[in-house]
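> 3D, please:
(4 chains)
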Protein chains: 2
Amino acid sequence: MTGWQDIEAEALRRIHARAWPPGSTIPHEADLAKEFGVARATVNRALQALADAGWLDRRRKAGTRVALHPVRKATFSIPILRAEIEGADSVYGYRLLGRTLEEAPAPIAARLGVAGALLHVTALHLADGRPYAHEDRWVNVAAVPGIMAVDLAVASANEWLVTHAPFVRGDYAIGAAAADDAMAGVMGAAIGAALVTVERTTWDDTAGITAVRITFREGHWVRTVI
Amino acid sequence: MTGWQDIEAEALRRIHARAWPPGSTIPHEADLAKEFGVARATVNRALQALADAGWLDRRRKAGTRVALHPVRKATFSIPILRAEIEGADSVYGYRLLGRTLEEAPAPIAARLGVAGALLHVTALHLADGRPYAHEDRWVNVAAVPGIMAVDLAVASANEWLVTHAPFVRGDYAIGAAAADDAMAGVMGAAIGAALVTVERTTWDDTAGITAVRITFREGHWVRTVI
DNA sequence: TAGTGGTCTAGACCACCAA
DNA sequence: TGGTGGTCTAGACCACTAC
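Numbers count the residues shown, from 1 in each chain, chains lettered A, B, ... in the order given. Model (predicted):
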């Protein structure tokens, strides 16, 4: 009963045990296939999984080497805030703060690659009635006309866009910002408190769709497991 | 010339074009194989890649559905600070601030699951001579005895551990912290400045290896592309 | 140019799980 | 319990690249 995951596990064991030390070349697929008594495709599947995870570097002709800097990647799930809050056994709440059609600041317009008026939405996401995250979003209504008809007081732009706006690529950045007077007031934090900020911009094939900045309450951590 | 990546691209196109709307069931592998004129394994490879990326949900018997919340994952590379700095065309610098064998605070000891004295290393990473990141690290010397013989004034614990300490799993969290007096002084930031903080703990099969907190200079963003 | 990983095929059997 | 995805096989050819 030898599947590709068994071979992956055994290979990982050898890497951890330093039987295959960092930087060394491991046996060819054909040799490993013979050793484990499986087809080469099965070995290939296992080694490819390890390469995807960053444990191995594979190159044609050069062979497969154990990566010098193993595990270079951490994957974060991009949460729907409602799911994140409810997943923590809290009661989700939502409050629309503002919704206007206005000219975007130059940096936002440039990031989205559009000119003219954009939909500007600000909202608050609550956990157990207390501020959890503040959302400041610009939406390119030309790319997502349907949003103009949505009552954002009941459905958050966050959720509506995720399910209705297709997007092809995006960028994502996590930073820190000190709470200014307005943010401190809205979030119930002290002025100057260090808050985690997530900025995300998404594009369609042709144009920018939305640029959003989410500011989390004090003490929030964006977590993952490697 | 139809490879699995061509099929992946075509499937993604249909998802974006709403030919396969969110939540709908797409044709079976066998049908798609016939349509594209390839073997079922080739279709399987393509759809599996899309499922890994979060575009599809696949379940035996139930079939393959377009995910309701596409693209849920963002992958960050875990930087070796030297590589990150040099990759930005800056000159990397390193300064060891402290190296002591001491009892760890309870939270650190608990996270690593060890008791007794740990190696406590603090250091500064510089870009073009200016503070870039502050590293505050605890190392379980029982798990990595070799580190006691390393001159950490020349080789950063960051790099040495990456290449010498095998690890099986870890967690990773990004947060924000206000600079206290000491941190502000070391980093050349204002007291109270909001700084991005990354905490990472790694474990072996049996025990914790290291817990580290890296605090970046003001204005730093942890970025990725989706 | 030769060696290595990348991929495809046609067929087969299996594991899971919705109905 | 049957349909669907998950995986394996044996063989083949191809693409890349170190030498």
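
> if I pick residue A:171, what's in contact with it?
Applying C-beta atoms under 8 Å, 6 or more residues apart in numbering or on different chains, one finds that residue A:171 lies in contact with A:200, A:201, B:223, B:224, B:225, B:226. Bear in mind the C-beta positions are built from the backbone N, C-alpha and C, glycine included.

> That one and DNA strand D, how far apart?
When distance is defined by C-beta to the nearest atom of the strand, to the nearest Å, residue A:171 is 27 Å away from DNA strand D.

> partner residues bridging that residue?
Per DSSP bridges, the residues bridged to residue A:171 are residue A:201, residue B:225.

> cool, and the one 5 residues further on?
Here residue A:176 sits in beta bridges with residue A:196, as judged by DSSP bridges.

> Let me see the ranges of the helices in chain A.
A:4-16, A:29-36, A:40-52, A:81-87, A:106-112, A:157-164, A:181-187 (DSSP state H).

> Identify the residues contacting the third one?
Residues outside helix A:40-52 that contact it (C-beta under 8 Å, 6+ apart) are A:2-5, A:7-8, A:11-12, A:15, A:29-30, A:32-33, A:36, A:56-58, A:64.

> Show me just the buried residues among the residues you listed.
Burial of the contacts of helix A:40-52 was assessed by neighbour count (16 or more other C-beta atoms under 10 Å in any protein chain shown); the buried members are A:4, A:7-8, A:11-12, A:15, A:29, A:32-33, A:36, A:56-58, A:64.

> Tell me the one of those nearest chain B?
When the buried ones among the contacts of helix A:40-52 are compared for distance to chain B (C-beta to the nearest C-beta), residue A:15 comes out closest, at 7.3 Å.

> is it true that the closest one touches residue A:64?
No. Here residue A:15 lies out of contact with residue A:64, judged by C-beta atoms under 8 Å, at a distance of 11.2 Å.

> Let me see the domain layout of chain A.
By the assignment in automatic domain parsing, chain A contains the domains A:4-66, A:81-216.

> Deepest-packed of these, please.
Neighbour counts (mean count of other C-beta atoms under 10 Å in any protein chain shown) averaged over each of these peak at domain A:81-216, with a mean of 17.

> quick check, stretch A:111-121 touching chain B?
No. Shown here: stretch A:111-121 not in contact with chain B (C-beta under 8 Å from any C-beta of the partner chain), separated by at least 13.3 Å.

> that older thread, keep only the contacts of helix A:40-52 that also lie close to DNA strand D.
Within the set of these, contact with DNA strand D (C-beta under 7 Å from any atom of the strand) is found for A:2, A:3, A:4, A:5.

> List the residues that contact the first one.
Taking C-beta under 8 Å, 6+ apart as the contact definition, residue A:2 lies against A:36, A:37, A:38, A:42.

> Skipping adjacent residues, who's closest to residue A:64 in space?
With sequence-adjacent residues excluded and distances taken as C-beta to C-beta, 6 or more residues apart in numbering or on different chains, residue A:64 is closest to residue A:58, at 4.7 Å.

> That neighbour: what's it in contact with?
The neighbours of residue A:58, taking C-beta under 8 Å, 6+ apart as the test, are A:47, A:48, A:51, A:64, A:65.

> What separation is there between the second one and residue A:4?
Residue A:48 sits 9 Å away from residue A:4, taking C-beta to C-beta, to the nearest Å as the criterion.

> And for residue A:114?
Distance of residue A:114 to residue A:4, computed by C-beta to C-beta: 46 Å.

> Farthest-apart pair in the buried ones among the contacts of helix A:40-52, please.
A:36 and A:57 (21.3 Å; C-beta to C-beta).

> Excluding chain neighbours, what is closest to the residue of chain A found nearest DNA strand D?
Among the residues of chain A, residue A:3 lies closest to DNA strand D, at 2.8 Å counting by C-beta to the nearest atom of the strand. The shortest distance from residue A:3 to any non-neighbouring residue, by C-beta to C-beta, 6+ apart, is to residue A:42 (7.5 Å).

> do residue A:212 as well
If the residues on either side of it in the chain are set aside, residue A:212 comes closest to residue A:137, at 4.2 Å by C-beta to C-beta, 6+ apart.

> In this structure the one you found contacts residue A:121, no?
Yes. Between residue A:137 and residue A:121 there is a contact under C-beta under 8 Å: 4.7 Å.

> what is in contact with the two at once?
Shared contacts of residue A:137 and residue A:121 (C-beta under 8 Å, 6+ apart): residue A:157.

> Looking at the ones next to DNA strand D among the contacts of helix A:40-52, spot the one nearest DNA strand C.
Of all these, the one sitting nearest DNA strand C is residue A:3; the distance, using C-beta to the nearest atom of the strand, is 9.1 Å.

> Can you read off the pLDDT for the closest residue in space to residue A:95 that isn't next to it in sequence?
The spatial neighbour of residue A:95 that comes closest, neighbours along the chain excluded (C-beta to C-beta, 6+ apart), is residue A:124 at 4.6 Å. Per-residue confidence at residue A:124 stands at 95 (pLDDT).

> I'd say residue A:124 and residue A:131 touch.
Yes. Between residue A:124 and residue A:131 there is a contact under C-beta under 8 Å: 5.8 Å.

> which neighbours do the two share?
Residues within reach of residue A:124 and of residue A:131 at once, by C-beta under 8 Å, 6+ apart, are residue A:186.

> Which positions in chain A make contact with DNA strand C?
A:28-30, A:40-41, A:44, A:47-48, A:51, A:58-64.

> I'd say residue A:90 and residue A:130 touch.
No. In this structure, residue A:90 is not within contact of residue A:130 by C-beta under 8 Å, at 9.0 Å.

> Please report how far residue A:187 lies from DNA strand C.
Counting by C-beta to the nearest atom of the strand, the gap between residue A:187 and DNA strand C amounts to 41 Å.

> Residue A:38 too?
As for residue A:38, its distance to DNA strand C is 12 Å (criterion: C-beta to the nearest atom of the strand).

> what's the pLDDT at the residue nearest to that residue when sequence neighbours are not counted?
The spatial neighbour of residue A:38 that comes closest, neighbours along the chain excluded (C-beta to C-beta, 6+ apart), is residue A:2 at 5.6 Å. In the predicted model, residue A:2 carries a pLDDT score of 81.

> quick one: strands adjacent to the helix or strand bottoming out on mean pLDDT in chain A?
For chain A, scoring each helix and strand by mean pLDDT, DSSP states H and E identifies strand A:73-77 as the least confident one, at a mean of 72. Each strand pairing with strand A:73-77, determined using DSSP bridges, is listed with its direction: strand B:73-77 (antiparallel).
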